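**Student:** give me a 3D structure for the following:
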Amino acid sequence: MKLYVDEPGHVALRRQAALVVSSLAAVEVPAAFWRKQRQGELKVADAETLVAAFAVDLAGTERRAPRFAAIPPIAAVLERAAALCATDALRAYDAVQLASAAAAREADRECDRFACFDQSLRSAAARSGFSLIPSTA
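**Tutor:** Model (predicted):
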């Protein structure tokens, strides 16, 4: 969301060279744009533009690679997410994002930074051993 809308934390997030997300972000991010539109923070045309830009960033095009590495919601990721809901009292999508980050870190130890702006998720990510990208600036 902060890659597309200027909110607190957008500067630090936009400095990141590579980003990994759960492929469920394909639902989560457009839902956030449309929520902002319903709340009067975005015009319909702006929400449509942002949703389209995100879709291109997630999937890529013939000429451009995806902006994100997307982790699919395979059984192991979903099982870890379910456990995080119990141990860290996370919402479902937040737990899937953290479980996806953990799967990425298992595949590449350099995937050790976590960006989020929800305090419960930040705390859970820190407990899971991630360094946190600043939530301000």
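**Student:** would you agree residue 134 is in contact with residue 10?
**Tutor:** No. Residue 134 lies out of contact with residue 10 (CB atoms under 8 Å); the separation is 10.9 Å. All C-beta spots, glycine's among them, are computed from the backbone N, C-alpha and C.
**Student:** compare these two (neighbour count), which wins?
**Tutor:** Neighbour totals were compared for residue 134 and residue 10, and residue 10 leads with 17 against 13 (other CB atoms under 10 Å).
**Student:** mind listing what the more buried one touches?
**Tutor:** Going by CB atoms under 8 Å, 6 or more residues apart in numbering, residue 10 touches 2, 3.
**Student:** relative to residue 74, how far out is it?
**Tutor:** To residue 74, residue 10 is 30 Å away according to CB to CB, to the nearest Å.
**Student:** kindly report the same for residue 58.
**Tutor:** For residue 58, the distance to residue 74 equals 18 Å [CB to CB].
**Student:** please say which of those two ends up with more neighbours.
**Tutor:** Higher neighbour count among residue 58 and residue 74: residue 58, with 17 against 11, using other CB under 10 Å.
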